[in-house]
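Engineer: Pasting the sequence and the predicted model now:
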Amino acid sequence: MKMKDSETIDEYYTKVRELVNQLKAYGEDIPEKRVVEKLLISVTEKYDPIVTTIEETKDITTLTVTELVGSLEAYEKRRSRREENSLENAFQSKLNMRSQNSNRKEENFKSTMEDKKKQNMRPCRICKRTNHLEKDCYFRGKPQCRNCKRFGHVEKDCRLKGNHQANCIEENNSSDQLFYTCNSVAETGEATWYIDSAASNHMTYNKGAFQTLDESFKTNVKLGDNHIVKVEGKGSVAINTKKGTRIINDVMYIPNLRTNLFSVGQMMEKGYTLHFGGDSCTIYDNKDKTLKIAEVRMKEHRCFPIHLQYMGRTAMKAQEDQSWLWHRRLGHFNFQGLKILHQKKMMTDLPQIQAIEGACEACLQGKQHKKPFPSGTSWRAKAVLELIHTDVCGPMRTPSHEQNRYFILFIDDYSRMTWVYFMREKSEVFKVFKKFKNLVEKQSGRSIKVLRSDRGKEYNNSEFDKFCEEEGIEHQTTVSYNPQQNGVSERKNRTVMEMARSMLQEKHLPKAFWAEAVYTAVYLLNRCPTKAVQNMTPIEAWSGKKPSAKHLRVFGSICYVHIPTEKRHKLEEKTEKGIFLGYSTQSKGYRIYNLKTKKLIISRDVEFDEDAMWNWDEEKVERQSVMIPKETPPQQQQEEGTDQAEMERRSQQAPGSPRRPPPSEEIEEETPPRRTKLLSDIYETCNFIMLEPENFETAVKHKVWVQAMEEEIKMIEKNNTWELADRPKDKEVIGVKWIYKTKLNADGSIQKHKARLVAKGYSQLPGIDYTETFAPVARLDTIRALIAIAANKKWKIYQMDVKSAFLNGYIDEEIYVEQPQGFIAKGSEEKVLRLKKALYGLKQAPRAWYSRIDKYFMDRGFRRSLSEPTLYIKSQGNDTLIVSLYVDDLIYTGNNEKMIQVFKEDMMKTFEMSDLGLMHFFLGIEINQEKEGIFICQRKYTETLLKKFKMESCKTVTTPLVTGEKYQKEDGSQKVDGSMYRSLIGSLLYLTATRPDIMFATCLLSRFMQSPSQVHYAAAKRILRYLRGTKDFGIWYKSTNDAKLVGYTDSDWAGSVDDMKSTSGYTFSLGSGIFTWASKKQATVAQSSAEAEYIAAAATSNQAFGLEGS
């Protein structure tokens, strides 16, 4: 039996399941492994990618049918959402064309790795499939029926011969119909079910028994008397047993059914064994043959009724909530691992955990990653300290409260126990290793034999090697550019960071707490199961003591710390509020961040509110005042005696970022700690404080920011933005906060300090607090077009800025905000402010401002462009005035200076304006207006970009890309840090505002931002090398006698190796320099170069029509 092209996974699996049930009814035992193999080998070829992935990344011998079907259905849904009819037709045409012109195709295109794999594999001679070899064929040695051409039986036993299926099932084009036999029974009831060997599925008429019910599922059931009833849904039923709660899945809901039926075949399929003997039926769990689920006595009419106690939805929800709580307490550890912890009694005081289907937002934000590489077998240590894995992670962009930017892990290969240390510099590795060596050797009474690390200079130096040689430690290092050889450490780093990231995300903790999160993650992973150590946690494998779950709490929770009587007066509060940041290794206590004193304390008398979350927007963490007591790494808790280790949730080892092989020079010797800071550090710190304070408390200490805040309040009051009002009882009051911004000139000098009062608009409700929010802004194409027109006509371009633009917009909704810090009205501290006009941060503020300024222009005789809603034109005879609006920045030009002056005076009379004179710096673009024309560039930004990626002294090249080079998603090279690559590509895209020469190269490399490789990163850095030699480049617009709109278009053909799509490009000029350009991959696959050119020409024509209309 093979799957048809028109069948879905659900339909095909239903057929396979029915076949298995029938075979079991005939006495043939079909293990789950055979069903899995059957499904993998018999699905259609369109599932080959997911089948290959499953075969390479999962253990087929332990894979369940439910997991397999779920993976196949998920792939089927993704595939159906992605495919479009036009794309399918184009791909089909391309495939036909490839078969007719294979010789020509080999000269022009490179096959993908998947194509090569399929071409090199001959089809199996038994089943004719290409995803396996003949020796691995599931049907090898099985007879083939000459009637239906299927394997596993001969013609005389073929159930499709004649019309035998008509006795039990009625076929329908739309769906298969189920069947069961129905006899007269004496005992009925909502909690009574009958075991039935002829029923193909579990069935019930009681809708209230379902925990979940999919009422969109419809089919028919034929009864024993040929009567057909309708199935109105399918779902799951939860029941209570002595062994705990059990979920019965795939139960049919049939309102017209007279009895509830248990299907013998479905129970066997789900992993249960039914033994009929004497006058009873006994049900066992296949995973544990001694585990008796139920014993059912035969009653009258030779029936087997079983009485069930349904589990209410409230109880089910409570159990789910408890499972979620322990998932969070154990650092968002996966539910399967938590179940193993409980079932194998690897941790005490841990309740029963239910595997819950659903997404944890913190896990998705913290753990999502690319697909792992296949794991390989490697040598394992036979005792503790025989092999230690180590690796350094960092630097972190945000230093911890102790100013650490790195952490180092040590993993014992035998027990997978893990130790973590934090460092400010990599040069501390040697000192930390000696400390770690003394600790573990004294704890275990053994000596470290082998140390495995990468070839980083912190490990690979003469001092480190000499120490290892003297201590008799074999130091193994990885081959250059092969971090997979240190896979245990690399995978451990990722596991720790994923857990730490998830814990920080869940409670929205500041990033400065990353070290506390890593510390806690290691502590928890040492108490969680790992596939590398069977039936015990790493800490038990290391110390021999079973860990307890009694003291575990959710990281980042709000807690209340008891204040000893010696430290308070009788009438003072007995508790202080804090944030839970992990577990102490020096005593039986919790590490708590005191929100009042801003210090880290250790206490055992703590009450937790694990669902609450602190609002860090209202109270920032002051890094300078945090005092963290020195502790040993989070290895031990005195209750349990020893260290921690990792949990590797998968056996695959995913390679980390590639490391450049260091030179064989020595690391510089450590210098004594400085008593004074470097001058460059002082300048950097001063600049940071001077430019943008983080909060009101910091800003109020600086006179320039106090003046800026006073100016903002004056502007708000001058615009009559709000009025003092009593706090409403039926309205939500929105909070406000101060935002500080330093505006710079083109040369980097300070233009002005700006303090902005912003409403916390994220708490607004749509339809109640706001309706319309959209507000257009000018496109860069429009800005450049205006510059080109002004240069051609020798007009001057001027610039103005609207002060506090959003405060000028009128709002219709009734909105209240809190009084701002530093400006609370005396005697009216309990009152709030009712807004008459918009405030920055409100959802409707941009829309309100645009509506106000648009009305201003229209009332004064301006005409709005049809294709650009922020471009306004006013004509009076032969005089023309053009204005372009970008939020609160206006640029304007025209041929009549008097008309321009009148417009400027009227604007300054209506709004509070800043006259910036001739336009010279706009949206990061430097504009130089001269008599001969106008030159635009981004020289300052280019220099900043080169400095950011440490390429300011690199060698230059003459082209952005290597000529003729093809790039693809999977090029075989190592993967690199995706965040750094995306940051670089984003910066380059911003630079294309004045650099069309890098447009194609940047857009091409932007296709690989999801999973960049070393090849992609090297190509992006080549663009930086090109920019260093051309940082003075820009666009020169000048006056010409023949100013016509001229456009050019071009296209390659099938330039994308991954999907064979072409890339279009166009550019337009208006007499001199070009002002609009684009490079974009086409949406469909072109069947010829001519078709690709036509698609590009069509896109260019659309742009041309839009430009002419404006």
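Structural biologist: That came through, no problem. Numbers count the residues shown, from 1 in each chain.
Engineer: show me what contacts the residue lying closest to residue 197 once chain neighbours are set aside?
Structural biologist: In space, and not counting its chain neighbours, residue 197 is closest to residue 264: 4.2 Å by C-beta to C-beta, 6 or more residues apart in numbering. To be clear about C-beta, it is placed using only N, CA and C from the backbone, and glycine gets the same treatment. For residue 264, the contact set (C-beta atoms under 8 Å, 6 or more residues apart in numbering) comprises 195, 196, 197, 199, 274.
Engineer: quick one: which two of those residues are the most distant?
Structural biologist: Taking C-beta to C-beta as the measure, those span a maximum distance of 12.9 Å, between 199 and 274.
Engineer: In terms of neighbours, single out the busier of the two.
Structural biologist: Comparing residue 199 with residue 274 by neighbour count (other C-beta atoms under 10 Å), the higher total belongs to residue 199, at 23 against 19.
Engineer: I'd like the distance from the residue lying closest to residue 913 once chain neighbours are set aside to residue 989, if you could.
Structural biologist: In space, and not counting its chain neighbours, residue 913 is closest to residue 800: 5.2 Å by C-beta to C-beta, 6+ apart. Look at residue 800 and residue 989: by C-beta to C-beta, to the nearest Å, they are 28 Å apart.
Engineer: Which strand residues bridge residue 892?
Structural biologist: With DSSP bridges as the criterion, residue 892 is bridged to residue 798, residue 883.
Engineer: My guess is it contacts residue 899. True?
Structural biologist: No - using C-beta atoms under 8 Å, residue 892 is not in contact with residue 899, being 10.1 Å away.
Engineer: neighbours of residue 197, just the number please.
Structural biologist: Counted with other C-beta under 10 Å, residue 197 comes out at 18.
Engineer: Got the phi and psi for it?
Structural biologist: phi -80, psi -10 (degrees, to the nearest 10).
Engineer: That one and residue 305: what is the separation?
Structural biologist: 15 Å.
Engineer: that older thread, between the contacts of residue 264, which is nearest residue 878?
Structural biologist: residue 199 (90.7 Å).
Engineer: Could I get the full set of helices for the stretch 701-850 of the chain?
Structural biologist: For the stretch 701-850 of the chain, the helices defined by DSSP state H, counting those that start in this stretch occupy 703-718, 780-793, 845-859.
Engineer: what does the first one contact?
Structural biologist: Contacts to helix 703-718, defined as C-beta under 8 Å, 6+ apart, come from residues 693, 699-700, 722, 738, 740, 753-757, 803-804, 807, 820, 822-823, 839, 912.
Engineer: Give the buried residues for that helix.
Structural biologist: Within helix 703-718, the residues that qualify as buried are 705, 708, 709, 711, 712, 716, counting by 16 or more other C-beta atoms under 10 Å.
Engineer: neighbours around residue 1102, how many?
Structural biologist: Neighbour tally, residue 1102, other C-beta under 10 Å: 11.
Engineer: okay, how far is it across stretch 446-457, tip to tip?
Structural biologist: 28 Å (C-alpha to C-alpha, to the nearest Å).
Engineer: Buried residues, that stretch. List them.
Structural biologist: Neighbour counts over stretch 446-457 (16+ other C-beta under 10 Å) mark 448, 450, 451, 452, 453, 454, 455, 456, 457 as buried.
Engineer: and which of these is nearest residue 526?
Structural biologist: The nearest one, if we look at the buried residues of stretch 446-457 relative to residue 526 and count by C-beta to C-beta, is residue 448, at 18.5 Å.
Engineer: Surely that closest one touches residue 441?
Structural biologist: Yes - with contact defined as C-beta under 8 Å, residue 448 reaches residue 441; the gap is 6.7 Å.
Engineer: Now the common contact residues for the two.
Structural biologist: residue 385.
Engineer: The residue nearest to residue 1103 when sequence neighbours are not counted pairs with what?
Structural biologist: The shortest distance from residue 1103 to any non-neighbouring residue, by C-beta to C-beta, 6+ apart, is to residue 1066 (6.3 Å). Beta-bridge pairing for residue 1066 (DSSP bridges): residue 1049, residue 1078.
Engineer: what sits against residue 1066?
Structural biologist: So residue 1066 contacts 1047, 1048, 1049, 1050, 1077, 1078, 1096, 1099, 1100, 1103 (C-beta under 8 Å, 6+ apart).
Engineer: any idea which of those is closest to residue 506?
Structural biologist: residue 1078 (41.4 Å).
Engineer: count of neighbours near the closest one?
Structural biologist: 19.
Engineer: Go ahead and confirm it touches residue 1051.
Structural biologist: No - applying C-beta under 8 Å, one finds residue 1078 not in contact with residue 1051, separated by 12.0 Å.
Engineer: any shared contact partners between those two?
Structural biologist: By C-beta under 8 Å, 6+ apart, the residues touching both residue 1078 and residue 1051 are 1064, 1065.
Engineer: Out of the helices and strands in this structure, which is least certain?
Structural biologist: None of the helices or strands of the chain scores lower by mean pLDDT, DSSP states H and E than strand 644-645, at a mean of 34.
Engineer: Doesn't residue 306 lie inside a strand?
Structural biologist: Yes - Residue 306: assigned to a strand according to DSSP: H, G, I helix; E, B strand; the rest coil.
Engineer: Relative to residue 257, how far out is it?
Structural biologist: 16 Å.
Engineer: got it, and residue 1002?
Structural biologist: Here residue 1002 is placed at a distance of 64 Å from residue 257 (C-beta to C-beta).
Engineer: higher neighbour count, these two?
Structural biologist: For residue 1002 versus residue 257, the count of surrounding residues by other C-beta under 10 Å is larger for residue 1002: 23 against 19.
Engineer: That one: what's it in contact with?
Structural biologist: So residue 1002 contacts 985, 988, 989, 991, 992, 1023 (C-beta under 8 Å, 6+ apart).
Engineer: pretty sure the fifth one is in contact with residue 999, am I right?
Structural biologist: So that's residue 992. Yes - using C-beta under 8 Å, residue 992 makes contact with residue 999 at a distance of 4.9 Å.
Engineer: Find residues that contact each of those two.
Structural biologist: Joint contacts of residue 992 and residue 999 (C-beta under 8 Å, 6+ apart) do not exist.
Engineer: Strands of the stretch 701-850 of the chain, residue ranges please.
Structural biologist: 722-725, 733-734, 736-744, 750-759, 797-802, 816-817, 832-835 (DSSP state E, counting those that start in this stretch).
Engineer: Now render the ones you listed as CSV, adding mean pLDDT.
Structural biologist: Formatted as CSV, the strands of the stretch 701-850 of the chain follow (pLDDT from 0 to 100):
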stretch, mean pLDDT
strand 722-725, 89
strand 733-734, 87
strand 736-744, 86
strand 750-759, 84
strand 797-802, 91
strand 816-817, 88
strand 832-835, 89
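Engineer: These into a markdown table, with extra columns for distance to residue 555 and mean neighbour count?
Structural biologist: A markdown table is the format used below for the strands of the stretch 701-850 of the chain (distance: least, C-beta to C-beta, whole Å; neighbours: other C-beta atoms under 10 Å):
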| stretch | distance to residue 555 | mean neighbour count |
| --- | --- | --- |
| strand 722-725 | 40 | 13 |
| strand 733-734 | 30 | 18 |
| strand 736-744 | 26 | 16 |
| strand 750-759 | 30 | 18 |
| strand 797-802 | 46 | 20 |
| strand 816-817 | 33 | 20 |
| strand 832-835 | 35 | 20 |
